[in-house]
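Sequence and predicted structure below; questions after.
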Amino acid sequence: MVSKVVLIRGKGVLNGDGDIDQKKLLSMYTRGIQALLNQQNPKENLLLLFRRNDKVGIKINTIAGKMLSTRPEVSLSLAKLLSGSGIQQKNIIIWDRTNRELRAAGYRLNIKGSGYAIFGTDTRGVDYNPRLISHLNIGSLFSSIQSDWITSSISLAVLKDHGMAGVTAGMKNYFGTIHNPNKYHDFNCDPFVADLFETKLIMKKHKLSILDSLVVQYHRGPSYHARWAEKYEALIFSLDPVAADFVGWQVIEKLRAKKGLPTLKEEDREPTYLKTAEKKGLGKANRREVKIIEEEA
Amino acid sequence: MKRRQFFKTAGGISLVAGSGLEPLLMNLYAFEEKANLSKVEALYYKKLSDREIECLLCPRYCKLGDKERGYCGVRENMGGTYYTLVYGKACSINVDPIEKKPFFHFLPRTNALSIATAGCNVNCKFCQNWEISQARPEQVEHYDIPPSEVVDLAKKYSCPSIAYTYTEPVIFYEYMYDTSKEARLKGIKNTVVTGGHINPEPLEELTKVVDAIKIDLKAFTQDFYTSYVRGELQPVLDAIKIVHKSTVWLEIVYLVIPTLNDSPNEIQNLCRWIMKEIGPDVPLHFSRFFPMYLIKNLPHTPLSTLEKAYKIALSEGLHYVYLGNIPSHRAESTYCPNCKNKVIQRIGYQIKKIELKEGKCKFCSNPIPGVWT
C-alpha cells in the first residue's frame, strides 16, 4: 500500500519581510488537507481524522527561537480549521515543552482566557506525568499534556537539517513530549526517534503530520543560520509520519545539492531512523511506496 | 518532598484523563518560570564557527549549535558561548555517613555534607537516582546555594568533608571545583562520587582540589557500557589510572547485576586489570543490585554471586575487597592483609570498632592504606 504525501507550495506566502500572507496560508492548508483526505467539503476532511469531542494537541516546535519555530500564524490557522470542523475551541491546545521557548517564538500564552490554549509542559500544575514509560530504548516521563490531556495529536514541526539525526521533522518533534530528549541523540538518534514514536502515548494519538516548510534550514540545523535557510514556502501533509519525514528529507537533500553541499550520507548523518521506523511498520520510507502529490496553492 | 508531590499538595490539580480541558484550565496556576537556572560560563569547551561549540569535559565531545544542550542536559550553548545551568543550584543536600558513598578508607565515622545538581552524562538503566540524574534542571526543585554557603553548611553540621554525589558531579564540574577550593581554605576535605566518564585534562585539574574519589565502574565490557550505560568503558579505566597516579584517595565500586556483568570471567578480568594497573591496595566494593528504573525484570543479586566475586578478587591478590548492600556480612569489615585480623568492624554504615594505630594494623603494625584523620 502506497503512502500519500501532499506538498503544497504557496509562492508569495512569505512577503519580503518574512511576514505571512494569512489568506495564502489558509488556502495552502485547505488545499493540502483536501488533497490528502479527498472530501469536497473541507469541514468533513478533518472529521475523518478527529471526533467532535476529541481533545486535540497541536505539538509545535519552538526550540530554535523566533526565526525557525512553528510560527503563531501557522499553528493558529490550523487550530481555526479544526474548530471550524466542529472540534470545540476549548479542546484544542497548541503546545511545546517550555513557556520560555513558546514566548521566544512569538506566542502569547493562554491558559484561562478565551481562545485556544497555548502553554508549555513546564506550566505549574501541568508538568510531566510521574509514571515512567519504558519501551525498548526509551525510558521517559511524558508531558501530562500528551499523556492525560489530549486524545489526538497533530505534529506540526518545522523541517530542519539536524546535526545528529540528519533531519528533524514530524517524528522527532515528539522528543518535545518527554522529559529527557537529550538522552536520545546517540547513534544519529536512531533507534530512539522510532522507538519513541512507537510508544502508545504517541502512536495511538498521532493522527496527522504537517511539516512547516515555509522556511527550511537545510544545513547546520537545528539552530537557525540565515546563510543556510531557504524560503521554501511549502507545507507537507501526510497521514504516514514516516513518509512525511521521508519527503522532508528529500526536500533538504535537493536544497543542499542546489548549494553544492554534500549529501547527509556523505556527512555521516543520513536519517537512518526512517529505515528503522519503516522496519517497525510505522510507515514508508522509500520512493516506490511513497506517492508525492505536489501542487501550488 | 519530591517536586511532583509538592505541586500536588500545594494546590496543583489532579488531572483526570478524558474530563475535558476546560475545568482543568480554570484551576491552573498562572504562568511561572519553573527554574531560575544559572548562566555561568562553562570550562572545557571550544568555540567553533557559526556559533557552534564543542564540549571538552567528557568523552562525548558534544558538538552543539545555538540553543542546544549537551547530553547531560545541564550545559547549554547560547549564541556561541557555553554555559553551565546548574552552578549553585543543588537539588539534593544531605548529611550522610562517609561509609554510605561508600568510602571505607577515608575519614571513618565522619559525616559528609552531600550535594548534587540535576543531570548526568550517561543513562544507566539501573540508576537509583534517575529522578534527578535523568532530569533537566528546570524539572527539579533546587536550592540556590553558592559554593561559600555549601562550605558554611558543612561547618555548621560538623562535616569534615563535602561529597559531590547522587547524580554525576562531572556535569556540575564548575560548581564542584569552586566549592572544593573554598572548602580547602576552611579545612574541609572534598570527595567525589562519580562514574568516571570525564576527560583527562579536567580530571587532572580536579585532582588538585579534591581529596578522595570513588569511581563506579559499571562493568568490564564495552558491550555493557553501550547497552546499559550509554557510555564508554575505556575513558573510565583511564580515569581510574589518573586518579591512582595522583595524591587523591581512590576507591572503586562495581555494582553486580545478575546475568549482565556478573560472570566470573569478567570479574576475574577486572581484578587482573586492577592488579596490573593500580595494584592491590585500592579498595574494591562489589555492591548488590536491586531492581530499579529501567531494569525491573531481574532479581536482586544473589549473595552467592557476590561472595564468588569477593573470593575471586581476594584470590587475584586484592587486599581490600568489600560487599555492599548486605548489612552484617563479614565482607563489610576491613581485614589486615598481613595478619588477617579484623581492623575495622562495620555493620551497614556504622563502625563498631577500629583497631588501627596511626594508620597501621594494631596487631601486626602492617600499614593499612587510607586517609584515617
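Arrived safely, thanks for sending.

going forward, measure contacts and count neighbours with C-alpha atoms only.
Noted.

which residues sit against stretch B:81-89?
The contact list for stretch B:81-89 (C-alpha atoms under 8 Å, 6 or more residues apart in numbering or on different chains) reads B:37-42, B:45, B:47, B:51, B:53, B:74-77, B:117-118, B:137, B:142-147, B:172, B:174-175.

what do you get for stretch B:294-306?
Taking contacts as C-alpha under 8 Å, 6+ apart, the residues outside stretch B:294-306 that touch it are A:134, A:139, B:125-126, B:256-258, B:262, B:286-291, B:323.

Kindly recompute the last result at 6 Å.
With contacts defined as C-alpha atoms under 6 Å, 6 or more residues apart in numbering or on different chains, stretch B:294-306 is touched by B:125, B:126, B:258, B:288, B:289, B:290.

now, among the residues you listed, which is nearest to chain A?
When the contacts of stretch B:294-306 are compared for distance to chain A, the smallest value, 8.5 Å, is given by residue B:125; criterion: C-alpha to the nearest C-alpha.

ok, and the closest non-adjacent residue to the closest one?
The shortest distance from residue B:125 to any non-neighbouring residue, by C-alpha to C-alpha, 6 or more residues apart in numbering or on different chains, is to residue B:294 (5.0 Å).

Kindly check the end-to-end length of stretch B:316-336 for me.
16 Å (C-alpha to C-alpha, to the nearest Å).

let me redo that: stretch A:164-182
Between the opening and closing residues of stretch A:164-182 lies a distance of 12 Å (C-alpha to C-alpha).

List the contacts of it.
With C-alpha under 6 Å, 6+ apart as the test, stretch A:164-182 has contacts from A:97, A:141-143, A:155, A:157, A:159-162, A:188-189, A:193, A:209, A:245, A:269-271, B:71.

Stretch A:216-230 too?
Residues from elsewhere that reach stretch A:216-230, judged by C-alpha under 6 Å, 6+ apart: A:64, A:68, A:159, A:160, A:161, A:162, A:215, A:252, B:65, B:66.

Output these as a markdown table; include the columns distance to residue A:31, secondary structure and pLDDT.
Formatted as a markdown table, those follow (distance: C-alpha to C-alpha, whole Å; DSSP: H, G, I helix; E, B strand; the rest coil; pLDDT from 0 to 100):
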| residue | distance to residue A:31 | secondary structure | pLDDT |
| --- | --- | --- | --- |
| A:64 | 28 | coil | 93 |
| A:68 | 24 | helix | 95 |
| A:159 | 20 | strand | 98 |
| A:160 | 23 | strand | 98 |
| A:161 | 26 | strand | 97 |
| A:162 | 29 | strand | 97 |
| A:215 | 19 | strand | 97 |
| A:252 | 23 | helix | 98 |
| B:65 | 35 | coil | 94 |
| B:66 | 35 | coil | 93 |
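
can those residues go into a markdown table with extra columns for neighbour count and distance to residue B:112?
Formatted as a markdown table, the contacts of stretch A:216-230 follow (neighbours: other C-alpha atoms under 10 Å in any protein chain shown; distance: C-alpha to C-alpha, whole Å):
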| residue | neighbour count | distance to residue B:112 |
| --- | --- | --- |
| A:64 | 21 | 42 |
| A:68 | 26 | 47 |
| A:159 | 33 | 50 |
| A:160 | 29 | 48 |
| A:161 | 29 | 47 |
| A:162 | 24 | 44 |
| A:215 | 22 | 54 |
| A:252 | 24 | 54 |
| B:65 | 29 | 39 |
| B:66 | 23 | 38 |
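
List the buried residues in stretch B:181-193.
Counting neighbours by 16 or more other C-alpha atoms under 10 Å in any protein chain shown, one finds that the buried residues in stretch B:181-193 are B:181, B:182, B:183, B:184, B:188, B:189, B:190, B:191, B:192, B:193.

do stretch B:147-155 as well
Within stretch B:147-155, the residues scored as buried using 16+ other C-alpha under 10 Å are B:147, B:148, B:150, B:151, B:153, B:154, B:155.

Where does pLDDT dip in the stretch 251-373 of chain B?
Low-confidence segments of the stretch 251-373 of chain B (pLDDT under 70): none present.

Can you give me the neighbour number for the closest residue to chain A within it?
Proximity of the stretch 251-373 of chain B to chain A (C-alpha to the nearest C-alpha) peaks at residue B:294, 6.7 Å away. The local packing of residue B:294 (other C-alpha atoms under 10 Å in any protein chain shown) involves 22 other residues.

One more: residue B:353?
Other residues close to residue B:353 by other C-alpha under 10 Å number 12.

Setting the sequence-adjacent residues aside, check what's closest to it.
Leaving aside its sequence neighbours, residue B:353 is closest to residue B:345 (5.1 Å, by C-alpha to C-alpha, 6+ apart).

isn't that neighbour right up against residue B:352?
Yes - with contacts counted by C-alpha atoms under 6 Å, residue B:345 reaches residue B:352, the gap being 5.4 Å.

So between these two, which is more surrounded?
residue B:345 (19 against 11).

Quick check: next helix or strand after the helix or strand harbouring that one?
Of the helices and strands defined by DSSP states H and E, residue B:345 is found in strand B:342-347. The helix or strand immediately downstream of strand B:342-347 is strand B:350-354, counting by DSSP H and E.

quick one: that following strand to chain centroid distance?
Chain-centre distance of strand B:350-354: 24 Å, with C-alpha atoms, centre = their mean, to the nearest Å.

Which strands border it, and is each parallel or antiparallel?
Applying DSSP bridges, strand B:350-354 is found paired with strand B:342-347 (antiparallel).

what does the partner strand contact?
Identification of contacts with strand B:342-347 by C-alpha under 6 Å, 6+ apart yields B:327, B:328, B:332, B:333, B:334, B:335, B:351, B:352, B:353, B:354, B:355.

Could you tell me which residues of the stretch 101-250 of chain A lie near chain B?
The stretch 101-250 of chain A comes close to chain B at residues A:111, A:112, A:123, A:124, A:125, A:148, A:149, A:182, A:183, A:223, as judged by C-alpha under 6 Å from any C-alpha of the partner chain.

Using a markdown table, please lay out these together with neighbour count and pLDDT.
Converted to a markdown table, these look like this (neighbours: other C-alpha atoms under 10 Å in any protein chain shown; pLDDT from 0 to 100):
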| residue | neighbour count | pLDDT |
| --- | --- | --- |
| A:111 | 21 | 88 |
| A:112 | 19 | 79 |
| A:123 | 19 | 92 |
| A:124 | 18 | 87 |
| A:125 | 24 | 88 |
| A:148 | 18 | 96 |
| A:149 | 23 | 94 |
| A:182 | 21 | 96 |
| A:183 | 23 | 96 |
| A:223 | 26 | 93 |
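
Of those, which pair is most distant in space?
With C-alpha to C-alpha as the measure, no two of these lie farther apart than A:112 and A:183, at 33.8 Å.

what helices or strands is the strand of greatest length in chain B leaning on?
Ranked by residue count, the top strand of chain B under DSSP state E comes out as strand B:249-256. Helices and strands touching strand B:249-256, as assessed by 3 or more C-alpha pairs under 6 Å, 6 or more residues apart in numbering or on different chains; DSSP states H and E, comprise strand B:212-216, strand B:284-288.
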